[in-house]
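predicted model and sequence below, questions to follow.
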Amino acid sequence: MTTGTSHAHGPRMQFAKAAPEVYKAMVTLDAAARKGVDPTLAELVKVRASQLNHCAFCIDMHTKDARAAGESEARLYLLNAWEEGGDLYTEKEQAALALTEAVTVLTDGFVPDEVYERAAKHFEERELAQLIALIFTINAWNRIGVTTRMAPGAYKP
């Protein structure tokens, strides 16, 4: 990955118009993945995955959604360093964020057992399955946003 590269040019395409059936399927998948996941936790997961994937559009959208849902500025500002945040995030949230990072990055080609087991301690199986779905769905949205260079800033919750 190249760092320091500027993307001063505009979006490449309007994905929803270019692939409307895929877009509609993604919206449906997103709604299904959110079911049963605490809305505050869902936004933290979406912001963290989007940070890792450098998706400015999704970071903008989900930080705004998190704020509108009552999330604190401190927790959003420190999300990039959540492991150093002490008691700012609950153990359950920390487990979800660790799983988010492992599923998003997949640097070793797998999600480590200790990360999965940590999450499994805090989430019932159905809830954990929903969390995993939420993570892979935001990763798909991030890939759409980054590839098509969706511009941040205009989204309003």
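All right, it came through fine. Residues are numbered from 1 along each chain as shown.

hmm, who's touching stretch 110-119?
95-96, 98-99, 102-103, 128, 131 (CB atoms under 8 Å, 6 or more residues apart in numbering). In this view, the C-beta of every residue, glycine as well, is placed from N, C-alpha and C.

and that stretch, how far from the chain's centre?
18 Å (CA atoms, centre = their mean, to the nearest Å).

ok, back up a step: return the member of the contacts of stretch 110-119 nearest to Glu71.
Nearest to Glu71 out of the contacts of stretch 110-119 is Ala96 (CB to CB; 14.3 Å).

so that closest one: helix, strand or coil?
helix (DSSP: H, G, I helix; E, B strand; the rest coil).

using PDB, list the CA coordinates for the strand or helix carrying Arg118.
Following DSSP states H and E, the helix or strand that holds Arg118 is helix 113-122. C-alpha atoms of helix 113-122 as PDB (Å, rounded to 0.1, in the frame of the first residue of the first chain):
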ATOM      1  CA  ASP A 113      -8.200 -18.300  18.300                       C
ATOM      2  CA  GLU A 114      -7.600 -16.000  21.300                       C
ATOM      3  CA  VAL A 115      -9.300 -13.100  19.600                       C
ATOM      4  CA  TYR A 116     -12.300 -15.300  18.600                       C
ATOM      5  CA  GLU A 117     -12.500 -16.900  22.100                       C
ATOM      6  CA  ARG A 118     -12.300 -13.400  23.700                       C
ATOM      7  CA  ALA A 119     -15.300 -12.300  21.700                       C
ATOM      8  CA  ALA A 120     -17.200 -15.600  22.300                       C
ATOM      9  CA  LYS A 121     -16.900 -15.000  26.100                       C
ATOM     10  CA  HIS A 122     -18.900 -11.800  25.700                       C
END
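
since that was my last question, I'll sign off now.
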